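*Asks:* Fold the following for me, if possible:
(one chain, ligands or ions: 1)
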Amino acid sequence: MRIVFLGAPGSGKGTQAQRLVERHGIPQISTGDLLRAHVRDGTELGRRAKAIMDAGQLVDDATILGMVRERLSADDTARGFILDGFPRTIPQAEGLDALLAEIRKPLRAVVLFEVDPQLLIKRISGRRSCQDCGRVFNVHTAPVPVPPPCGGQCATPRLVQRPDDNEATVTKRLEVYEAQTQPLIGFYRGRGLLKTVDADAPLETVAERLEASLA
Ligand code: AP5
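*Replies:* As a prediction, the model looks like this:
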């Protein structure tokens, strides 16, 4: 299964990707997570990316494509992958097309997560993630269950809030999504790859709709 998850910030791409990983055993490749790892490790790219991410803007296409090319060369992508939050611009989508043609791994589907924009800011402001395993929760809609889901080191998840999850940056991210990422809907519809999931529903319902769209 080789798929792309497309949707506004907070539409549930990461949450559903984590579930598909558990069910299908293919990796989630989130360009946001890859960039945050660079920021955490203090690399040159991380230092450059941090200011851009904190401003709610996009990191340049060449950097992102280089990062994805490297990640897709790893052995764990042999059975498939979920590209979460990539591509986000037409040049990134064209670059991905070329890369996948080169490695002979064409996409099977692009899933668009549709959510009422009014809900997104509330969802994002309530998001918390486990600092150790990255699992995503929400103080309003998806609290940490008792007992907590991860054994071992995350038996008691240490929850943190992302620095770009404040209202001003989220507003900017939504504007950037509309201007630079929404054109991908037409791009992938034209290629016959687009599947739309109504993601304005409880997590389990969205998961069922997602599986149905991929069947
Ligand atoms: P990134 O990390 O990709 O953030 P994003 O696209 O803005 O997406 P989010 O992670 O905010 O949302 P999501 O859809 O994954 O929602 P989630 O499942 O967590 O990117 C961050 C930054 O990195 C960008 O701004 C940019 O600067 C840079 N970047 C990344 N990729 C790039 C690229 N390709 N090119 C250039 N720059 C790039 O859900 C949100 C919350 O809602 C959670 O708390 C969750 O528990 C809850 N929730 C989820 N589903 C439901 C539901 N059905 N009902 C109720 N609550 C729900």
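*Asks:* Count the neighbours of the residue in the chain positioned nearest to the ligand for me.
*Replies:* When scored by Cβ to the nearest ligand atom, the chain has Gly32 as its residue closest to the ligand, at 2.0 Å. Any C-beta I mention is one placed from the backbone N, CA and C, and that applies to glycine too. By the measure other Cβ atoms under 10 Å, the count of residues near Gly32 is 19.
*Asks:* likewise Pro117?
*Replies:* Here the number of neighbours of Pro117 (other Cβ under 10 Å) works out to 13.
*Asks:* Run through the residues that contact the residue of the chain closest to the ligand.
*Replies:* Gly14, Met53, Asp84, Gly85 (Cβ atoms under 8 Å, 6 or more residues apart in numbering).
*Asks:* Surely it forms part of a helix?
*Replies:* Yes: assessed by DSSP: H, G, I helix; E, B strand; the rest coil, Gly32 belongs to a helix.
*Asks:* on that earlier part again, looking at the contacts of Gly32, which are in helices?
*Replies:* In helices, defined here by DSSP state H, the members of the contacts of Gly32 are Gly14, Met53.
*Asks:* Need the contacts of Gly32 in JSON lines (columns: distance to His140 and neighbour count).
*Replies:* JSON lines is the format used below for the contacts of Gly32 (distance: Cβ to Cβ, whole Å; neighbours: other Cβ atoms under 10 Å):
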{"residue": "Gly14", "distance to His140": "16", "neighbour count": "22"}
{"residue": "Met53", "distance to His140": "23", "neighbour count": "21"}
{"residue": "Asp84", "distance to His140": "22", "neighbour count": "25"}
{"residue": "Gly85", "distance to His140": "22", "neighbour count": "23"}
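*Asks:* quick one: which of the contacts of Gly32 is nearest Ala8?
*Replies:* When these are ranked by distance to Ala8 (Cβ to Cβ), Gly85 comes first, at 10.5 Å.
*Asks:* Close to the ligand: what parts of the protein are there?
*Replies:* Applying Cβ under 6 Å from any ligand atom, one finds that the chain approaches the ligand through 7, 9-15, 30-32, 35, 52-53, 56-59, 64, 85-86, 88, 92, 123-124, 126-127, 136-138, 141-142, 164, 173, 199, 201-203, 206.
*Asks:* repeat that with 5 Å
*Replies:* The chain comes close to the ligand at residues 9-15, 31-32, 53, 58-59, 64, 85-86, 88, 123, 127, 136, 138, 141-142, 173, 203, 206, as judged by Cβ under 5 Å from any ligand atom.
*Asks:* just the buried members of these?
*Replies:* 9-15, 31-32, 53, 58-59, 64, 85-86, 88, 123, 127, 138, 142, 173, 206 (16 or more other Cβ atoms under 10 Å).
*Asks:* roughly how far apart are the residue of the chain closest to the ligand and Gly14?
*Replies:* From Gly32 across to Gly14, the span is 8 Å (Cβ to Cβ, to the nearest Å).
*Asks:* shared neighbours, the two?
*Replies:* Asp84, Gly85.
*Asks:* Let me know whether Gln18 touches Cys130 as I believe.
*Replies:* No: contact criterion Cβ atoms under 8 Å: Gln18 and Cys130 do not qualify, at 10.9 Å.
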